[in-house]
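Enquirer: the amino acid sequence is not available; the structure is as follows:
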């Protein structure tokens, strides 16, 4: 998902999630006052009195540090070369308010899936172009490869857009061989062939969030406690994907669902089908992008705990590298199918 896709087609607060590049001007607040009135009574004509819960605003989100993983912990603002980097807590608050608000309306959720085109290579969209990887993409820059075709309800012959693997959508019902959905970051309804969608359990709520900042190369994990209140569980350096065609791609911006875990994710040497090594404690969230530990290149087999490159500049193929013990923490702490991975800039 490119910047244009992430910013222009958000709904509610989502457009603000990816503005990024906000300089952190103050430290994380231990407590942010919640709005005085959380529940507002209103009278609806000819009905019984009801309670309406107003949406949370970013300033309503309370963040407190209560680490479950405390190695290599970064400060809110920390030095990097001749400048500083930071955790963009205001952007993160916007993200968390959005996460809580979209769950206020109960409903069924689906995740878009087409990892390695396992559910079929998607058809060409009506209008397509080539992205900087020289791959066929829709007009929003979403690559055809590993994506899901989105059809307008008025035309189920040719799709209009591609939905990224790992994206979340609200399930609205069945129409023949299609399912009607509303993706989280596109304020419109679409039809999708059923094979591309995985329906989540009705009881699923999104209480665990991993935020990856690909500009400042850091990662934070957060856990929902109650309405408007989140605990920060870790604050660590990370290394994201670098655009280096034909094998290296940027870690995409957006909101994704953690879909799969592999204790050891084996990878090929570039341009071959020969195994080059493995990445420990890998948690996949979109396409081939995983959160994982420091890669181990064969013939070495021993785990590598830390790398000097973490927190410096993008250099992975698409994944988010971490200290191996931090990758294991996420692997153990974050449940599949209910953890969100939010990539900001």
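Expert: The structure has been received and is ready for your questions. Not measured: the values here are computed from a predicted model. Numbering: from 1, shown residues only.
Enquirer: give me the neighbour count for residue 245.
Expert: 10 (other Cβ atoms under 10 Å). Quick note: C-beta positions are derived from backbone N, CA and C, even for glycine.
Enquirer: distance of it relative to residue 309?
Expert: 21 Å (Cβ to Cβ, to the nearest Å).
Enquirer: same check, this time on residue 169
Expert: 36 Å.
Enquirer: for the two, work out which one has more neighbours and name it.
Expert: residue 169 (25 against 15).
Enquirer: other SSEs contacting the helix or strand hosting that one?
Expert: Using DSSP states H and E, residue 169 sits within strand 168-175. Where contact means 3 or more Cβ pairs under 8 Å, 6 or more residues apart in numbering; DSSP states H and E, strand 168-175 is packed against strand 108-112, strand 178-183, strand 197-199, strand 254-257.
Enquirer: sheet partners, orientation included, of it?
Expert: Strand 168-175 pairs in its sheet with strand 108-112 (antiparallel), strand 178-183 (antiparallel), by DSSP bridges.
Enquirer: okay, those strands in TSV with mean pLDDT next?
Expert: Shown next, in TSV, are the strands paired with strand 168-175 (pLDDT from 0 to 100):
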stretch	mean pLDDT
strand 108-112	97
strand 178-183	97
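Enquirer: how about CSV for those, with distance to residue 294 and mean neighbour count added?
Expert: Formatted as CSV, the strands paired with strand 168-175 follow (distance: least, Cβ to Cβ, whole Å; neighbours: other Cβ atoms under 10 Å):
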stretch, distance to residue 294, mean neighbour count
strand 108-112, 28, 21
strand 178-183, 34, 20
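Enquirer: and those: which comes nearest residue 275?
Expert: The closest of those to residue 275 is strand 108-112. By Cβ to Cβ, the value is 28.6 Å.
Enquirer: and for the closest one, what's in contact with it?
Expert: 147-148, 163-171, 179, 181, 183, 192, 196-200, 202, 204, 257, 259, 337 (Cβ atoms under 8 Å, 6 or more residues apart in numbering).
Enquirer: show me how to select, in PyMOL, the buried members of these.
Expert: Here is the PyMOL command that picks out the buried ones among the contacts of strand 108-112, judged by 16 or more other Cβ atoms under 10 Å:
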select buried, resi 147+148+163+164+165+166+167+168+169+170+171+179+181+183+192+196+197+200+257+259
